[in-house]
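Visitor: Coordinates for the following, if possible.
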Amino acid sequence: MTVNLLITSAGKRVGLIRLFKQSVKNFCPSAKVYTTDMSPELAPAGIVSDKCFKAPKVTDTYYINFLMKICGENDIKIIIPTIDTELTVLAENKASFQNNGIELLVSDLQFITICRDKRLTCKYLQNLNIRTPQPIDKYHPTFPLFAKPYDGSLSKDIYIINNENELTTEILNHSKLIFMEYINRQEYKEFTVDMYYGRDNNVKSIVPRERIEVRAGEINKGYTRKNYLVDFLKKRMNHLPGVIGCICIQLFYREFDNDVVGIEINPRFGGGYPLSYHAKADFPSNIVKEYLLGESIDYSDYWLNNTLMLRYDDEIIVYE
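Guide: Here you go, the predicted model:
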């Protein structure tokens, strides 16, 4: 059985590539985990993959044909996207991939559209009975407040504004910023929760990761926590139409009164997923079982509590 996979826009995701290789080869030792990147020779994750293909920009009209071509030539049956900017175009072409025998691990276009616009995400979370930060009128503000782009990522262009002097003209005139209640980090703990959804759109695993330290928008130090959030989210997000594969929801949690504040949803593998994997929440194996072996996946909470991840800088060396 051939179980070749493709992980797109590999970049620096060395940990993600390595764990996929480990999981997939448990089912088929000859399996390959391929990657794409715009600069394969400079992509560490591409170098540790079995082969990295040079990709056009995701906005290029040739991008879908490029993916189809390399899948056909390399017997690739599953594609795993990793960056926000390609999710919409992939979701729009999901049926074409399926017609060619390729499973594209991306949720339906409607859900992707909701997640890509934080204004829509806010309404979606509220409909699930998950509180979100109160919106603030930037012309009649109360302080402190928080501002971020409605379509942003990687923690770019975010502002904590403590008083009127910090609310500059530049911030006020920024067309994409949305203004909201500031959630006090002294009262609330910050979490990203990895969730795996099966082909039946039912959740199969819920793993809260407490973010102890963050760098460039991704967890740098953190713990898995089996806490109130597991049952809270299972009750509200057990079945989400159109949702498959890995998603991660970002939220704040105050322990003394179990107050939960939803922030955003990323409908893809998050940068901190390796922590959940090493805590025995093996989403890559779920993907192989469902999409290649045709097995059904049951809900499981048999992952390890209080698993700590400490990230550090390392090097990939390539000799001429």
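Visitor: who does the strand ranked longest in the chain touch, helix- and strand-wise?
Guide: With secondary structure taken from DSSP state E, the chain has its longest strand at strand 203-215. Judged by 3 or more C-beta pairs under 8 Å, 6 or more residues apart in numbering; DSSP states H and E, strand 203-215 is in contact with strand 189-197, strand 218-224, helix 228-237, helix 273-278, helix 283-291. Quick note: C-beta positions are derived from backbone N, CA and C, even for glycine.
Visitor: possible to save these as a markdown table with mean neighbour count?
Guide: Converted to a markdown table, these look like this (neighbours: other C-beta atoms under 10 Å):
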| stretch | mean neighbour count |
| --- | --- |
| strand 189-197 | 23 |
| strand 218-224 | 19 |
| helix 228-237 | 16 |
| helix 273-278 | 24 |
| helix 283-291 | 22 |
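Visitor: Out of these, name the one with the poorest average pLDDT.
Guide: The stretch with the lowest mean pLDDT among the helices and strands packed on strand 203-215 is strand 218-224, at a mean of 92.
Visitor: ok, and what's touching it?
Guide: 192, 207-214, 270-272, 275-276, 279, 303-311 (C-beta atoms under 8 Å, 6 or more residues apart in numbering).
Visitor: Let me know the helix or strand that Thr88 is in.
Guide: Assigned by DSSP states H and E, Thr88 belongs to helix 87-92.
Visitor: Would you mark the buried spots in that helix?
Guide: 87-91 (16 or more other C-beta atoms under 10 Å).
Visitor: Go through the residues you listed and name the one nearest Ile263.
Guide: Checking those against Ile263 with C-beta to C-beta, the nearest one is Leu87 at 18.1 Å.
Visitor: quick one, what contacts the closest one?
Guide: By C-beta under 8 Å, 6+ apart, the neighbours of Leu87 are 81, 106, 112, 115-116, 267-268.
Visitor: any idea which of the residues you listed is closest to Tyr150?
Guide: Arg116 (9.0 Å).
Visitor: Tell me how many other residues surround the closest residue in space to that closest one that isn't next to it in sequence.
Guide: Nearest-residue entry for Arg116: Asp151, 6.1 Å, with adjacent residues in sequence omitted and distances by C-beta to C-beta, 6 or more residues apart in numbering. By the criterion of other C-beta atoms under 10 Å, Asp151 has 13 neighbours.
Visitor: re the thing from before, now the buried members of the contacts of strand 218-224.
Guide: Judged by 16+ other C-beta under 10 Å, buried ones among these: 192, 207-211, 214, 270-272, 275-276, 279, 303, 307, 309, 311.
Visitor: Tell me the pLDDT of Gly152.
Guide: If you check Gly152, the pLDDT there is 68.
Visitor: Could you list the low-pLDDT ranges of the stretch 101-250 of the chain?
Guide: Low-confidence segments of the stretch 101-250 of the chain, defined by pLDDT under 70: 152-155.
Visitor: I'd like the distance between the residue with the largest distance to the centre of the chain and Met195.
Guide: For the chain, the largest distance from the centre (C-alpha atoms, centre = their mean) belongs to Asn165, which lies 35.4 Å off. To Met195, Asn165 is 41 Å away according to C-beta to C-beta, to the nearest Å.
Visitor: Please apply the same query to Ser96.
Guide: 27 Å.
Visitor: Also Asn162?
Guide: Using C-beta to C-beta, Asn162 is found at 34 Å from Met195.
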